[in-house]
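In: starting from these lines, generate the structure:
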Amino acid sequence: MVGPIPHAVRTLRLRLWTLELRARLRRHGVRLDLRIGDDVRFAGRPQLDLDLHDATASGSLVLRIGARSRIGRDLVLDVRPGGENVAELGEGCLLGDHVRLQLRGGAIRLGDNVNVRDFCELKSGGELTVGAHVVCARNVTVHCVERVTLGAYAAIAERVTITDSDHGADGSGSWVLAQPLRVDPVAVGDNVLVATNAVLLRGVRLGANAVVAAGAVVTAGEVPAGWLVAGVPAKAVKALGAPEPPAP
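Out: Okay, the predicted model is just below:
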């Protein structure tokens, strides 16, 4: 008779959380469209952080959590009212502890079996799409203003930063954050490895099976499929899988 009790407690906690979430959003005119699949488990109550920059804002939040997903402790849903916000987790997703999903009128869409580990931050005012079986290791930051796409089976190592935008910095006395935002989508192909501490800047397009070396800073442009890039700024070093030239 002990077995059903934890399940009943989890179900009750989930219902209470959804009621509270809906009520808080409704107070600020935000509509909630919520769907949670079977056998979803929460290690703790997710937190709702409303960015109330506009007291008259309304908008909506679409929240989908696929079956058999696991949500760690202290997940933060950081939502700015006034836009159409979407967070979709496919089946079998795993969010670690202290993950932050920051929605600024955009969408975060995770495919099936995506693993987002502790202290990651995913921010979107556009379309942030993560393919199936992608792993984001600890402290990864993805900042999407227009479009960021991570292909299936990509591996993003610890402390990687990916952004599709930056502010102009012309050396004048104008406040940097008030200068025009420059935006160019980022696309990471299938089965790409981005190693520890690397940075992908706006306009980067990595072909399938490419590897970005640890600490590299990749600027706008195309990286061919199956190539290793390294350095600051990063440059193509060699085609992976190609035979090494004979020693002189």
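
In: CA atoms for contacts and neighbours, from now on please.
Out: Fine.

In: for stretch 138-155, which positions count as buried?
Out: 138-155 (16 or more other C-alpha atoms under 10 Å).

In: what's the end-to-end length of that stretch?
Out: 12 Å (C-alpha to C-alpha, to the nearest Å).

In: repeat for stretch 161-179
Out: The first residue of stretch 161-179 is 22 Å away from its last residue (C-alpha to C-alpha).

In: what lies in contact with that stretch?
Out: 140-148, 180-186, 197-203 (C-alpha atoms under 8 Å, 6 or more residues apart in numbering).

In: so which bits of that stretch are buried?
Out: So for stretch 161-179, counting by 16+ other C-alpha under 10 Å, buried means 161, 162, 163, 164, 165, 166.

In: strands - which of these land there?
Out: Those of these mapping onto strands are 161, 162, 163, 165, 166, per DSSP state E.

In: lowest-confidence entry in those?
Out: Lowest in pLDDT among these is residue 166, which has 93.

In: what pairs with it across the strands?
Out: residue 182 (DSSP bridges).

In: state the distance from it to residue 201.
Out: 8 Å.

In: is it true that residue 151 touches residue 130?
Out: Yes: judged on C-alpha atoms under 8 Å, residue 151 makes contact with residue 130 at a distance of 6.4 Å.

In: how far away from the center of its chain is stretch 224-239?
Out: 24 Å (C-alpha atoms, centre = their mean, to the nearest Å).

In: average pLDDT for it, rounded please.
Out: 96.

In: okay, how far is it across stretch 34-43, tip to tip?
Out: Start-to-end, stretch 34-43 (C-alpha to C-alpha) is 19 Å.

In: chain center to it, what's the gap?
Out: 19 Å.

In: over to stretch 166-175?
Out: The answer for stretch 166-175 is 27 Å, by C-alpha atoms, centre = their mean.

In: next one: stretch 152-172
Out: How far stretch 152-172 lies from its chain's middle: 12 Å, per C-alpha atoms, centre = their mean.

In: so how far does that stretch reach from one end to the other?
Out: With C-alpha to C-alpha, one end of stretch 152-172 sits 42 Å from the other.

In: what of stretch 107-114?
Out: 16 Å.

In: who touches it?
Out: By C-alpha under 8 Å, 6+ apart, stretch 107-114 touches 85-94, 101, 122-135.

In: what do you get for stretch 231-241?
Out: Contacts for stretch 231-241 (C-alpha under 8 Å, 6+ apart): 213, 215, 216, 217, 218, 219, 223, 226, 227, 228, 229, 230.

In: quick check: phi and psi at the fifth one.
Out: Residue 218 adopts backbone torsions of phi -100, psi 120, taken as degrees, to the nearest 10.

In: that one: neighbour count?
Out: 27 (other C-alpha atoms under 10 Å).

In: does it really touch residue 204, like I thought?
Out: Yes: with contact defined as C-alpha under 8 Å, residue 218 and residue 204 form a contacting pair (6.9 Å).

In: overlap in contacts of these two?
Out: By C-alpha under 8 Å, 6+ apart, no residue touches both residue 218 and residue 204.

In: hmm, back to that, so which of the contacts of stretch 231-241 is the most crowded?
Out: Among the contacts of stretch 231-241, residue 218 has more neighbours than the rest - 27 neighbours, counting by other C-alpha under 10 Å.

In: show me where pLDDT drops low in the protein?
Out: 1-5, 7, 53-57, 242-248 (pLDDT under 70).

In: domains of it?
Out: Annotated domains of the chain cover 1-144, 182-248 [automatic domain parsing].
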